[in-house]
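Colleague: With the sequence up front, the predicted model follows.
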Amino acid sequence: MAMNTLKNQYLREMGVDVWVLRKRAMPQVVAAEPVRELAPAKTSPAPQAVPRNTAPAPEFHLCFMTWPEVSLVFSLPLDADVIDTAHRRFAEDVGIALRVTGDAAIGAVRWPMVRSAHIDQSESAARAVMRQRVEQCAERVVVFGEAAADWLGDTLTRQVVAARDMDSYIAEPLAKRELWQSLLSMGVPA
């Protein structure tokens with residue numbers, strides 16, 4: 001019984017409507033009271049509806065690959081469920097070049113997180129989530145692409161290298177030299 005209550009509480013907090021069967025109450029017979037005439041009520045203006053934020057929720061999908069020494073942040077397509085092979089291989093190669101230790105912890109933030117009218121999916125909520133996510137990054141962060149930089153810009157208190165979009169490095173191998181120079185100037189261990 002307690003497990004169902006806890007499960008329902010989690011679902012409600014996530015914005016999922018929870019329907020619970022209830023026992024039927026037996027109708028009670030109440031003695032009727034005589035109807036009294038009421039004095040006409042003073043009319044007041046109808047309450048104004050509170051304007052809702054009708055701005056559409058921002059949309060982005062960012063991948064975080066974090067080793068103890070450095071974190072890489074880059075954009076993924078909105079509909080992607082996994083990192084494609086080219087992006088994963090490039091990110092792992094950057095990690096190898098930076099002499100990282102261990103395996104990367106991989107995470108993602110897809111916004112909006114849920115499609116629900118009663119859950120705040122505004123830009124300010126997205127930035128709050130990004131601030132929390134950045135706290136899990138290493139002290140050095142390499143951000144690939146303007147889209148990722150835009151969402152991380154005001155949240156980063158760490159040492160950051162802003163790089164071009166990862167696709168440009170994959171498509172133009174000579175551009176990797178520019179990336180490497182940026183990493184070395186930042187003092188990333190090489």
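Modeller: Received the coordinates, thanks. Numbering: from 1, shown residues only.
Colleague: Where does the residue nearest the centre of the chain sit: helix, strand or coil?
Modeller: Central residue of the chain (CA atoms, centre = their mean): residue 109, 4.3 Å from the mean position. Here residue 109 is strand, with the state taken from DSSP: H, G, I helix; E, B strand; the rest coil.
Colleague: Now it. Nearest residue, chain neighbours left out?
Modeller: Among residues not flanking residue 109 along the chain, residue 62 sits closest, at 5.1 Å (CB to CB, 6 or more residues apart in numbering). Quick note: C-beta positions are derived from backbone N, CA and C, even for glycine.
Colleague: what's the answer for residue 147, then?
Modeller: Per CB to CB, 6+ apart, closest to residue 147 is residue 75, 4.7 Å.
Colleague: now do residue 136
Modeller: residue 66 (6.8 Å).
Colleague: in stretch 149-167, what counts as buried?
Modeller: By neighbour count on 16 or more other CB atoms under 10 Å, the buried set for stretch 149-167 is 149, 151, 152, 155, 156, 160, 161, 162, 163, 165, 166.
Colleague: about what we covered before: so the residue nearest to residue 147 touches residue 83, yeah?
Modeller: No. At 11.0 Å, residue 75 does not count as touching residue 83 under the criterion of CB atoms under 8 Å.
Colleague: who touches both of these two?
Modeller: Shared contacts of residue 75 and residue 83 (CB atoms under 8 Å, 6 or more residues apart in numbering): residue 63.
Colleague: of the two, who's got more company?
Modeller: residue 75 (23 against 17; other CB atoms under 10 Å).
Colleague: Which residues are in contact with that one?
Modeller: If you count contacts by CB under 8 Å, 6+ apart, then residue 75 has 60, 61, 62, 63, 144, 145, 147, 148, 165, 166 around it.
Colleague: make it 6 Å
Modeller: 62, 145, 147, 148 (CB atoms under 6 Å, 6 or more residues apart in numbering).
Colleague: Among these, which lie within helices?
Modeller: Among those, DSSP state H puts 147, 148 in helices.
Colleague: Where does pLDDT dip in this protein?
Modeller: Scanning the chain for pLDDT under 70 picks out 1-3, 10, 17-54, 154-156, 186, 188-190.
Colleague: Sort out for me which of the buried residues of stretch 149-167 are in helices.
Modeller: Going by DSSP H, the helices hold 149, 151, 152, 166 from these.
Colleague: Pull the contacting residues for the first one.
Modeller: Listed by CB under 6 Å, 6+ apart, the contact partners of residue 149 are 143, 162.
Colleague: ok so, going back, looking at the contacts of residue 75, state which has the most neighbours.
Modeller: Among these, the one with the most neighbours (other CB under 10 Å) is residue 148, at 27 neighbours.
Colleague: isn't it right up against residue 76?
Modeller: No. At 9.7 Å, residue 148 does not count as touching residue 76 under the criterion of CB atoms under 6 Å.
Colleague: just to revisit the earlier point, closest to residue 105 among the buried residues of stretch 149-167?
Modeller: residue 152 (17.1 Å; CB to CB).
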